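Engineer: Fold the following and give me the result.
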Amino acid sequence: MTLLAALSALSLTAWAYLALAHGRFWHCDQRLDGRAPAPAAWPRVVAVVPARDEAAVLPEALRSLLDQDYPGEFAIVLVDDESRDGTADVAERLRREHPMGARLRVTHTAARPNGWVGKMWALQCGVDAAAKADLAPAWWLFTDADVAHGQGNLRRLVAKGEADRLDLVSLMVRLHMSRAWHALLVPAFVYFFQKLYPFPRINDPRARTAGAAGGCVLLRPAALARAGGVEALRAEVIDDCALGRNIKRTGGRLWVGLSATEHSIRPYTGISDVWNMVARSAFTQLHHSLGIVAGTALGLALLYLLPPLALVTLPLHGDLAAAGFGAGAWLLQAATFAPTLALYERRPVWGLALPIAGALYMGMTIDSARRHLRNQGAMWKGRAGAGHA
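Structural biologist: Numbers count the residues shown, from 1 in each chain. So this is what the prediction gives:
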């Protein structure tokens, strides 16, 4: 067997493992179906929404929260995080004009202490503001200022949490997707996230895998307190996965799923937007280790680039075994990508372009390391270490 054939066989073996034994990560079957029974009494929920320069998207996102058909007590704390675009004014105007505006309180962050990333400090200020207003919730809802919620989302989240006695219920919302590059890169981002954090394993209390999706997190205050509170996340850039890890490590039960109705309204206007989103946190995900970055790049090349190259260069090398193994690995990766593509209403044929996404994400990972080594990592809206996602 030639070296090329051996590497292609290794890639095919790796894809067979991923498809058959890696926590059903690609099935996309963890969904909030709304079939959980209603609780005997609907508990109080307080939403905390950190917002930095979100005036353009805030009206739609905040209105979707005010419009929730939740039967219990529901309050919303909007935390203006040093915005320069009138975010707080937009929220105040909506509070005055919306029929359910009494649900909304608008506050501002205090001076950020050293060692806190921006989003976590804004969440802490929101939690503190709720306490000062005597809003003692049975559940927190931590949600981003660019997420639009379906009218019944909070009802479904709480019913799921109460019925299954969960401590954290989280949804990965649909990301905004335009045409061209986003039609590939956005579904690929969701696919790669599920591969890193297989949702069925997160949702299995016997498995060690833990995580969450920061755009929409319903959380019991007692579980948050056992996990060290928001303060335990003060320096976390990838705060959602750290939160899930802390909750599960302290005995909490998690459920994370995909949503087809809740969606991000933050527009991505070019490939650079997706590139910056990934490069901001990839090096942190890899524990700031250049060795792990190198290993990750080699792994991505083996999984995503080698199979199609082994097939399409057959006329050059003439190795039928290498081409056959490469074709099998390429088809397997395309097949596992198909359910995520369906979630984003894309045809399965897009799965054959996954190697291109793999190559681009490899470049984003390497660029993330470069940025951090030049002290340019974790930048968000002109502020280092802001931590918003």
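Engineer: where do the strands sit along the stretch 101-250 of the chain?
Structural biologist: Taking DSSP state E, counting those that start in this stretch as the test, the strands found in the stretch 101-250 of the chain are 104-108, 139-143, 147-148, 168-174, 216-219.
Engineer: Looking at those strands, spot the one closest to residue 199.
Structural biologist: Residue 199 lies closest to strand 168-174 among those, at 8.2 Å (C-beta to C-beta). Where you see a C-beta, it was placed from the backbone N, CA and C, and this is true even at glycine.
Engineer: about what we covered before: looking at the strands of the stretch 101-250 of the chain, spot the one closest to residue 366.
Structural biologist: With C-beta to C-beta as the measure, strand 168-174 is the member of those nearest residue 366 (25.3 Å).
Engineer: still on that earlier bit, okay if I get the strands of the stretch 101-250 of the chain as CSV plus mean neighbour count and distance to residue 298?
Structural biologist: Below are the strands of the stretch 101-250 of the chain laid out as CSV (neighbours: other C-beta atoms under 10 Å; distance: least, C-beta to C-beta, whole Å):
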stretch, mean neighbour count, distance to residue 298
strand 104-108, 19, 47
strand 139-143, 25, 36
strand 147-148, 22, 36
strand 168-174, 26, 28
strand 216-219, 26, 34
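Engineer: Now distance to residue 244 and mean pLDDT too, for the ones you listed, in a markdown table please.
Structural biologist: As requested, these are exported to a markdown table (distance: least, C-beta to C-beta, whole Å; pLDDT from 0 to 100):
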| stretch | distance to residue 244 | mean pLDDT |
| --- | --- | --- |
| strand 104-108 | 26 | 97 |
| strand 139-143 | 12 | 98 |
| strand 147-148 | 18 | 97 |
| strand 168-174 | 7 | 97 |
| strand 216-219 | 9 | 98 |
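Engineer: between those, which one is nearest to residue 43?
Structural biologist: For the strands of the stretch 101-250 of the chain, the distance to residue 43 is smallest for strand 139-143, at 6.1 Å, taking C-beta to C-beta.
Engineer: rewinding a little: could I get the strands of the stretch 101-250 of the chain in CSV, plus columns for distance to residue 297?
Structural biologist: Output for these, formatted as CSV (distance: least, C-beta to C-beta, whole Å):
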stretch, distance to residue 297
strand 104-108, 42
strand 139-143, 33
strand 147-148, 32
strand 168-174, 25
strand 216-219, 31
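Engineer: nearest to residue 29, of those?
Structural biologist: Nearest to residue 29, of all the strands of the stretch 101-250 of the chain, is strand 168-174, at 13.3 Å by C-beta to C-beta.
Engineer: Now do that closest one and strand 139-143, the angle between them.
Structural biologist: Between strand 168-174 and strand 139-143, the angle comes out at 20 degrees (axes from the mean of the first three to the mean of the last three C-alpha atoms, to 10 degrees).
Engineer: Number of residues surrounding residue 2?
Structural biologist: With neighbours defined by other C-beta atoms under 10 Å, the count for residue 2 comes to 12.
Engineer: residues contacting it?
Structural biologist: Residues near residue 2 by C-beta atoms under 8 Å, 6 or more residues apart in numbering: 319, 321-322.
Engineer: so which strand or helix has the closest residue to residue 333 other than its chain neighbours?
Structural biologist: In space, residue 333 comes closest to residue 354 once its chain neighbours are excluded; the distance is 5.3 Å by C-beta to C-beta, 6 or more residues apart in numbering. In this assignment (DSSP states H and E), residue 354 forms part of helix 354-373.
Engineer: Then residue 77?
Structural biologist: Assigned by DSSP H and E, residue 77 falls in strand 74-80.
Engineer: In the sheet, which strands lie alongside that strand, parallel or antiparallel?
Structural biologist: Here strand 74-80 is paired, per DSSP bridges, with strand 45-51 (parallel), strand 104-108 (parallel).
Engineer: can you list contacts of that strand?
Structural biologist: 44-52, 62, 65-66, 68, 87-88, 91, 103-109, 122-123, 125-126, 129-130, 133, 135, 137, 145, 154.
Engineer: Export only the CA atoms of the lengthiest helix in the chain, formatted as CSV.
Structural biologist: Criterion DSSP state H: the longest helix present in the chain is helix 320-343. Coordinates of each C-alpha in helix 320-343 appear next as CSV, following Å, rounded to 0.1, in the frame of the first residue of the first chain:
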residue,chain,number,x,y,z
LEU,A,320,-6.9,3.3,-7.5
ALA,A,321,-6.9,2.3,-3.8
ALA,A,322,-6.1,5.8,-2.7
ALA,A,323,-8.8,7.3,-5.0
GLY,A,324,-11.3,4.7,-3.8
PHE,A,325,-10.6,5.4,-0.1
GLY,A,326,-10.7,9.1,-0.8
ALA,A,327,-14.0,8.9,-2.6
GLY,A,328,-15.5,6.9,0.3
ALA,A,329,-14.3,9.5,2.9
TRP,A,330,-15.6,12.4,0.8
LEU,A,331,-19.0,10.9,0.4
LEU,A,332,-19.2,10.1,4.1
GLN,A,333,-18.4,13.7,5.1
ALA,A,334,-21.0,15.0,2.6
ALA,A,335,-23.6,12.5,4.0
THR,A,336,-23.0,13.6,7.6
PHE,A,337,-23.3,17.3,6.5
ALA,A,338,-26.7,16.7,4.9
PRO,A,339,-28.9,17.1,8.0
THR,A,340,-27.3,20.4,8.9
LEU,A,341,-27.7,21.6,5.3
ALA,A,342,-31.4,20.6,5.5
LEU,A,343,-31.8,22.7,8.7
